[in-house]
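Peer 1: got a structure for you, letters missing:
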């Protein structure tokens, strides 16, 4: 069977396997940092140093590029390393548009970097096409950064429409698709130029690797600059981490399908709970961008949701305190369900509502998760 005709589930189940070529059902850990030359001083593998290219990355990068429908993928030491590589390819004086709702750590870094690097920066409600259009500066806007669904309020941007607007003024589009994964949304097919993942999250899926990745839709001068940045600045992933990342990809399909189904079931139940003022989840008809989500998110709406708790900050923190199955921790996309009071985690300047609790739905039995939430609500409601 031709590789290109295989379903993503099949590709993922065999991630890293070299059974047909070397006999390894599970690919080996490649630890070499440098590579030999033959008697004629020619590179035996076409590689001289792992900071430039490493066989340790090959399986993951090839698989991710195929899943995203892209030309090529690059793995990085973290999601932030991948994202900052894109911004570092810009030049002083360039204009950038970012969403108001996005991963807080990256937004904080971009704000500082823009000042130091001489970039002009606008943050807009990226779910509103008119706001994106109004922010564009023909001849100056070089990058539209999108995150969809956007952490922690899970707003959904119309990638196809936003890409059309950005390309009309000569800007590239990069989409942080961490929460969706390539199994639910494929931004490159919708017009984006690059897609970014914090591979720490769903791609690895076991809360034991920090990694990031970029995928390009096609070769370009910009992509070559990003290549140079990884080689010269050195934000590379360790070889053992690369092996763990590839191993984690083997279960991506079953993990995403399970967590998405559980998240939708819990979101529907949470909407009916007296302690909850609102549920933020793209799979609900009540979500403001639900129709956009239905068009561009296929096979589910992801495993992330947030709730707005009646009673504000103190009530939200008390509910988080009472949860027993949910672990109180940062990050998302692992096998375990997590709860986080996002405003506290982000600190001063956070735009997350103080009543918001972010839930990452894992692989536990959904009824156990429901009972855990119910007992926390009941305990906090008791006089």
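Peer 2: Here it is on my side, so go on. Everything numeric in this text was worked out from a predicted model, so none of it was measured.
Peer 1: is residue 215 in a bridge, and if so with what?
Peer 2: residue 73, residue 195 (DSSP bridges).
Peer 1: Now the phi/psi pair for the closest residue to residue 283 other than its chain neighbours, please.
Peer 2: With CB to CB, 6 or more residues apart in numbering as the criterion, residue 283 has its nearest non-adjacent residue at 3.4 Å, and that residue is residue 301. Every residue, glycine included, has its C-beta placed from N, CA and C. Its backbone dihedrals place residue 301 at phi -120, psi 10, with angles given as degrees, to the nearest 10.
Peer 1: now residue 199
Peer 2: phi -70, psi -10.
Peer 1: sorry, back to before: for the residue nearest to residue 283, give me its contacts.
Peer 2: 149, 184, 260, 263-264, 281-283, 293 (CB atoms under 8 Å, 6 or more residues apart in numbering).
Peer 1: Equivalent analysis for residue 201, please.
Peer 2: Under the contact definition (CB under 8 Å, 6+ apart), the residues listed for residue 201 are 79, 178-179, 331-334.
Peer 1: Flag the shaky bits of this structure, pLDDT-wise.
Peer 2: 1-4, 16-24, 382-383 (pLDDT under 70).
Peer 1: Please list the outside residues in contact with the lengthiest helix in it.
Peer 2: Of all the segments of type helix in the chain, defined by DSSP state H, the longest one is helix 252-270. Residues lying outside helix 252-270 but in contact with it, judged by CB under 8 Å, 6+ apart, are 8-9, 12-13, 181, 183-184, 202-203, 205, 276, 279, 281, 283-284, 299-305, 307, 335, 359, 361-364, 366, 369-370, 373.
Peer 1: Now do the helix or strand following it against helix 252-270, angle only.
Peer 2: Counting by DSSP states H and E, the element after helix 252-270 in chain order, helix or strand, is strand 276-280. The directions of strand 276-280 and helix 252-270 differ by 150 degrees, with axes from the mean of the first three to the mean of the last three CA atoms, to 10 degrees as the criterion.
Peer 1: what lines up beside strand 276-280 in the sheet?
Peer 2: For strand 276-280, the pairing partners within the sheet under DSSP bridges are strand 304-309 (antiparallel).
Peer 1: List the buried residues for the next helix or strand after the partner strand?
Peer 2: Beyond strand 304-309 on the C-terminal side, the first helix or strand identified by DSSP H and E is helix 312-322. Burial within helix 312-322, assessed by neighbour count using 16 or more other CB atoms under 10 Å, is assigned to 315-317, 319-320, 322.
Peer 1: try stretch 152-171
Peer 2: Buried residues in stretch 152-171 (16+ other CB under 10 Å): 152-159, 162-163, 165-166, 169, 171.
Peer 1: ok so, going back, of the contacts of helix 252-270, which qualify as buried by neighbour count?
Peer 2: Neighbour counting with 16+ other CB under 10 Å marks 12-13, 181, 183-184, 202-203, 205, 276, 279, 281, 283-284, 300-305, 307, 359, 361-364, 366, 369-370, 373 as buried within the contacts of helix 252-270.
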